[in-house]
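**Q** return a 3D structure for these sequence lines:
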Amino acid sequence: MKYDFAYKRKWKDIISEEEFNQLKNELRLELDDFENAEGLHEKRLHNLKLIKNGYFKIDDTLVNADWPGGEQNNPITKIRKENPEDFTKWKVGKTVVYESSEGREIAMLRPGKEAHRKYSTTGYIEKKGKKQRIEENEFDCLPVILEGKKVIARRVEYQKYDTAIRALKPKQALLDVLEESGLEYDSEKKTIKDIQEFLIEKEYKTPNPKVNRFTPWTLEHLAIGFEEIKLIDKHGDLALQIIGAILVRMAFMEGHKQDPQNELYKVHLPEKSIEVLNRILPDGVKINKGMESTSIDSILLLMDLLGLNEEVKVDWKGLLNLEEKGSPTPKGRVNTLLTYATFVSNAINQDNIQSKTVFQYQRSQNDPRDLQFYRDSFIFLGDSKKQEDRLTRMKRLL
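**A** Presented below is the predicted three-dimensional model:
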């Protein structure tokens, strides 16, 4: 473990020594390894069973709708592209799990795209050396950040030739928009899309443009957004240190509480950590260029739901009750969030720019690093009591 005093000196103009110690107490991880994570499997299984018993509301109108083939024609995703600014037209049930500090809802929309009866993919189970295909992930959901009818956690790609821009006549109207947005009109550099997104965000009264693609935030989008933190703020490394520690704790459901009985185990974000993050990032994080900024707690709460939805997928793909070969598997929320913490660890090193690499690594569901890697990466995780006791015994022998 690196010495605390070096970090205290480095960050003294943004956090006091007292706050540094508060963060260490708040984010300390007592766990020594996944296999001995007391109560973790029970919490994960409890949440999974709630979901499979219909905890999240559903509108099943599109589950059995006609699907002529082709991923782009899945009725569950096609309707999103047709109505990118209004999720209430998507024919989904909504269950609000969290509310963020900025008043946005962090919710599950059901069904997710995998819930269509014709959806299929390969599972984990092999037969005669070949992975079997599986169909219809009945309990798949879409984790979202909502502001009224609008899904914030999304990437919208519009047609190249912008009907909104062409509607700005006379020419002076376009010049006024460019001045306000700070953008330049340059079709060769494909800035048309950025100008259009600005127009949509500012609700200019222009014709509705054609949407080529609507994509909910993936971990790749989030990785790119987080990567910007270290580039735009001089204390970005401190922010990433805190975010990384929170992700590791979330992976092991440290800080998850159940209230009342038989409810979901939900994450309670550490208060001092969020206070410091908001101090460093008062305007939040902009995941996609030209789109809204989002508070850091909104993003972390969304990631908890992304991890939860991964549990559903792992169970559906054949690792029933989140077990593999008779033992609890880290596949699902643990691998997803830990692998993302691996990215944050590498992002702290200014020589590493590797969002897509880590994203692809996560999708393969390979085992992440051992816990010592994360302790060495994130100062606020500290040493477990077991480790400290071991060091104390060693000192006595000297």
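**Q** drop to CA atoms for contacts and neighbour counts, all remaining ones
**A** Noted.
**Q** buried sites along stretch 48-61?
**A** 48, 51, 56-58, 60 (16 or more other Cα atoms under 10 Å).
**Q** of the residues you listed, which belong to strands?
**A** Using DSSP state E, no member of the buried residues of stretch 48-61 sits in strands.
**Q** pick out whichever of those residues sits closest to L29.
**A** Among the buried residues of stretch 48-61, L48 lies closest to L29 (Cα to Cα), at 24.1 Å.
**Q** the closest one touches E311, doesn't it?
**A** Yes. L48 is within contact range of E311, at 6.9 Å (criterion: Cα atoms under 8 Å).
**Q** mind listing the strands for the stretch 1-150 of the chain?
**A** Along the stretch 1-150 of the chain, counting by DSSP state E, counting those that start in this stretch, strands occupy 93-99, 105-110, 120-127, 130-135, 142-147, 150-151.
**Q** of all the ones you listed, which one is nearest F87?
**A** strand 150-151 (6.2 Å).
**Q** and the contacts of that closest one?
**A** By Cα atoms under 8 Å, 6 or more residues apart in numbering, the surrounding residues in contact with strand 150-151 are 84-87, 144-145.
**Q** assign H221 to helix, strand or coil.
**A** What DSSP: H, G, I helix; E, B strand; the rest coil gives for H221 is helix.
**Q** nearest spatial neighbour of it, chain-adjacent residues omitted?
**A** I287 (6.5 Å; Cα to Cα, 6 or more residues apart in numbering).
**Q** what about the one you found, how many neighbours?
**A** I287 is flanked by 23 other residues according to other Cα atoms under 10 Å.
**Q** what are the phi and psi values for it?
**A** As for I287, its main-chain torsions (degrees, to the nearest 10) stand at phi -70, psi -40.
**Q** how close does it get to L231?
**A** To L231, I287 is 14 Å away according to Cα to Cα, to the nearest Å.
**Q** and if you look at G103?
**A** 28 Å.
**Q** tell me the secondary structure at the closest residue to F378 other than its chain neighbours.
**A** In space, F378 comes closest to Q241 once its chain neighbours are excluded; the distance is 5.4 Å by Cα to Cα, 6+ apart. Under three-state DSSP, Q241 falls in the helix class.
**Q** tally of neighbours for Q241?
**A** 20.
**Q** so what's it up against?
**A** 344-345, 348, 377-380.
**Q** on that earlier part again, contact partners for the residue nearest to H221?
**A** Residues in contact with I287 (Cα under 8 Å, 6+ apart) are 221-222, 224-226, 293-294.
**Q** so the nearest residue to P143 once chain neighbours are set aside bridges to which residues?
**A** Of all residues not flanking P143 in the chain, M108 sits nearest, at 4.6 Å (Cα to Cα, 6+ apart). Judged by DSSP bridges, the bridge partners of M108 are T95, P143.
**Q** what residues are up against M108?
**A** Applying Cα under 8 Å, 6+ apart to M108 gives the contacts 56, 94-97, 141-144, 305.
**Q** mind pulling up the pLDDT for the residue nearest to K286 when sequence neighbours are not counted?
**A** Distance criterion Cα to Cα, 6+ apart; nearest residue to K286, sequence neighbours excluded, is S293 at 4.3 Å. S293 carries a pLDDT value of 86.
**Q** tell me how many other residues surround S293.
**A** 14.
**Q** is it correct that it is in contact with D283?
**A** Yes. In this structure, S293 is within contact of D283 by Cα under 8 Å, at 6.8 Å.
**Q** gap between I379 and S345?
**A** 11 Å.
**Q** low-confidence regions, the stretch 151-300 of the chain specifically.
**A** For the stretch 151-300 of the chain, the stretches flagged by pLDDT under 70 are 157-175, 183, 185-193, 195-210, 233, 289-290.
**Q** which residues of it fall in strands?
**A** Listed in chain order, the strands of the stretch 151-300 of the chain (DSSP E, counting those that start in this stretch) span 154-158, 211-216, 256-258, 265-267.
**Q** wait, which of those is closest to E136?
**A** Judged by Cα to Cα, the one of the strands of the stretch 151-300 of the chain that comes nearest to E136 is strand 211-216, at 19.7 Å.
**Q** buried sites along the closest one?
**A** Quick answer for strand 211-216 (16+ other Cα under 10 Å): 211, 213-214, 216.
**Q** go through the contacts of M108 and name the one nearest L337.
**A** L305 (10.7 Å).
**Q** not counting its neighbours along the chain, what's nearest that closest one?
**A** Nearest non-adjacent residue to L305, counting by Cα to Cα, 6+ apart: P143, 5.9 Å away.
**Q** what's near enough to touch that neighbour?
**A** Each residue near P143 by Cα under 8 Å, 6+ apart is listed here: 106-109, 302, 305-306, 309.
**Q** burial of G225, as a residue count?
**A** Applying other Cα under 10 Å, we find 17 residues neighbouring G225.
**Q** roughly how far apart are it and A347?
**A** 11 Å.
**Q** now do T121
**A** Distance check for T121 against A347: by Cα to Cα, it reads 32 Å.
**Q** neighbour count for those two, which is higher?
**A** A347 (24 against 13).
**Q** pLDDT wise, what is that one at?
**A** We have a pLDDT of 82 for A347.
**Q** follow-up on the earlier one: the strands of the stretch 1-150 of the chain: which one's closest to D194?
**A** With Cα to Cα as the measure, strand 150-151 is the member of the strands of the stretch 1-150 of the chain nearest D194 (18.5 Å).
**Q** so what's the gap between that closest one and the chain middle?
**A** Distance, stretch centre to chain centre, for strand 150-151: 16 Å (Cα atoms, centre = their mean, to the nearest Å).
**Q** pull up the pairing partners for it, direction included.
**A** strand 142-147 (antiparallel).
**Q** that's all I had, so thanks and see you.
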